[in-house]
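[1] what follows is a predicted protein model with its sequence.
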Amino acid sequence: MKDTISSLSFTGLTGSQTEERKKCLLDQTELFVIDMDGTFYCGEKMIDGALDFLKAVVKRGKQFLFFTNNTSRAPEEYIEKLHRMGCDISRSQIMTAGDVTIRYLKTYYGDQRVYLMGTPQLERQFTDAGIRLSEDDAEIVMTAFDMTLTYEKLDRGCRLIREGASFMATHPDINCPVEGGFLPDCGAICAAITLSTGREPRYFGKPYKETVEMIVDSMKVPVGQIGFVGDRLYTDIATGVNHGGKGFLVLTGETVPEDLETSAVKPDAVFESLGEMGKYLLLQE
């Protein structure tokens, strides 16, 4: 893998991919926003070196925040999952695309009724936040990573959109990496709805500005000192490079080295894994 990576030209990247440059970029970062699926773990297995990276962040006096676009689980479930892997965090150290979506709806759409195409866990998160859910007279259709999706749900969402409901989605991810492959994610479900209705959704989560705004407001760190770490160019990396932060790509999930040559989104630095990033963080001046 190292030989493959080093042989790429990385046309369009900011500077060279030298060890010194990688170290400098990490030194400049005060908050690491870390993706989960394909970055920190895959399925129920933590990726080698991921926990060592967190230890390196803490040792350097920096902060980290987990952020996942995967809205199929509640934040508390992710906290429990990480605990089972030996990683203990507080609720303030994790944020999801569901959190961003709820914040946006409460700020701009008040009491409007929402038809949510999501898991029971996400439904509870929405109702606990005071979002009004409805099946028959909804003014907004909200699509998510719905692992309980049925044809009835798909049909109802399409009919509401054709009748004038706004079409929104918690995040744009097409596939969710799992052990042994991928699952169709929210973006894939939205593609089916778009083909049926002719309508495109408004997306939240990574890489959209609402996510960056919520992270900055919550963590009190300027965006220029935030590094977004993940395995997807079009979500994780784009969040950083498109909004004034940094994008650190790890090759443990969806993106393969060949994708870098054709992608319009170019990371600031590429690492084999979080484990490699941790080693660079601990290199001293």
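    Looks like it arrived, so ask away.

[2] which SS class is residue 145?
    coil (DSSP: H, G, I helix; E, B strand; the rest coil).

[3] tally of neighbours for it?
    Under the neighbour criterion other CB atoms under 10 Å, residue 145 is assigned a count of 30. Heads up, the C-betas are built off the backbone N, CA and C, glycines and all.

[4] distance of it from residue 55?
    Plainly put, residue 145 is 30 Å away from residue 55 if you go by CB to CB, to the nearest Å.

[5] and what of residue 244?
    On the measure of CB to CB, residue 244 and residue 55 end up 28 Å apart.

[6] please enumerate the helices of this protein.
    With DSSP state H as the definition, the chain shows helices at residue ranges 2-7, 19-27, 50-59, 75-84, 97-108, 120-128, 151-162, 186-197, 209-219, 238-241, 259-262, 274-281.

[7] what's the closest of the ones you listed to residue 138?
    Among those, the nearest to residue 138 by CB to CB is helix 151-162 (5.6 Å).

[8] and the contacts of that closest one?
    Contacts with helix 151-162, where a contact means CB atoms under 8 Å, 6 or more residues apart in numbering, come from 115, 117, 135, 138, 141, 143, 146, 167, 189, 192-193, 196-197, 199.

[9] if you set the cut-off to 7 Å instead, what comes out?
    Here helix 151-162 makes contact (CB atoms under 7 Å, 6 or more residues apart in numbering) with 115, 117, 135, 138, 141, 143, 167, 192-193, 196-197, 199.

[10] pLDDT score assigned to residue 14?
    Residue 14 is assigned a pLDDT of 40 by the prediction.

[11] what do you get for the one 4 residues further on?
    As predicted, residue 18 sits at a pLDDT of 82.

[12] any idea how far it is from residue 269?
    Distance from residue 18 to residue 269, by CB to CB: 10 Å.

[13] those two: which has the busier surroundings?
    A side-by-side neighbour count of residue 18 and residue 269, using other CB under 10 Å, places residue 269 first with 25 against 10.

[14] of the contacts of helix 151-162, select the buried ones using a ChimeraX command.
    Command for ChimeraX, covering only those of the contacts of helix 151-162 found buried under the criterion 16 or more other CB atoms under 10 Å:
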select :115,117,138,141,143,167,193,197
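
[15] please name whichever of the contacts of helix 151-162 scores lowest on pLDDT.
    Confidence by pLDDT is poorest for residue 135 among these, given 92.

[16] how close does that residue sit to residue 90?
    As defined by CB to CB, residue 135 lies at a distance of 35 Å from residue 90.

[17] neighbours of residue 194, just the number please.
    The local packing of residue 194 (other CB under 10 Å) involves 15 other residues.

[18] what of residue 155?
    A count of nearby residues for residue 155, using other CB under 10 Å, gives 11.

[19] go on, residue 259?
    Counted with other CB under 10 Å, residues neighbouring residue 259 total 15.

[20] need the contact list for the closest residue in space to it that isn't next to it in sequence.
    Using CB to CB, 6 or more residues apart in numbering and skipping the chain neighbours, the partner closest in space to residue 259 is residue 233 (6.4 Å). With contact taken as CB under 7 Å, 6+ apart, residue 233 is in contact with 249, 255, 259, 263, 265.

[21] buried ones only from those residues, please, as a PyMOL command.
    Here is the PyMOL selection string for the buried members of the contacts of residue 233, based on 16+ other CB under 10 Å:
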select buried, resi 249+255+263+265
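
[22] can I get the contacts of residue 233 in TSV with pLDDT and distance to residue 122?
    TSV is the format used below for these (pLDDT from 0 to 100; distance: CB to CB, whole Å):
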residue	pLDDT	distance to residue 122
249	97	28
255	90	26
259	94	29
263	94	30
265	95	27
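
[23] from residue 183, how far out is the nearest residue to residue 194 once chain neighbours are set aside?
    In space, and not counting its chain neighbours, residue 194 is closest to residue 200: 5.7 Å by CB to CB, 6+ apart. Noted for residue 200: a distance of 22 Å to residue 183, by CB to CB.

[24] same question for residue 58.
    If you go by CB to CB, the gap between residue 58 and residue 183 works out to 32 Å.

[25] higher neighbour count, those two?
    A side-by-side neighbour count of residue 58 and residue 183, using other CB under 10 Å, places residue 183 first with 14 against 11.
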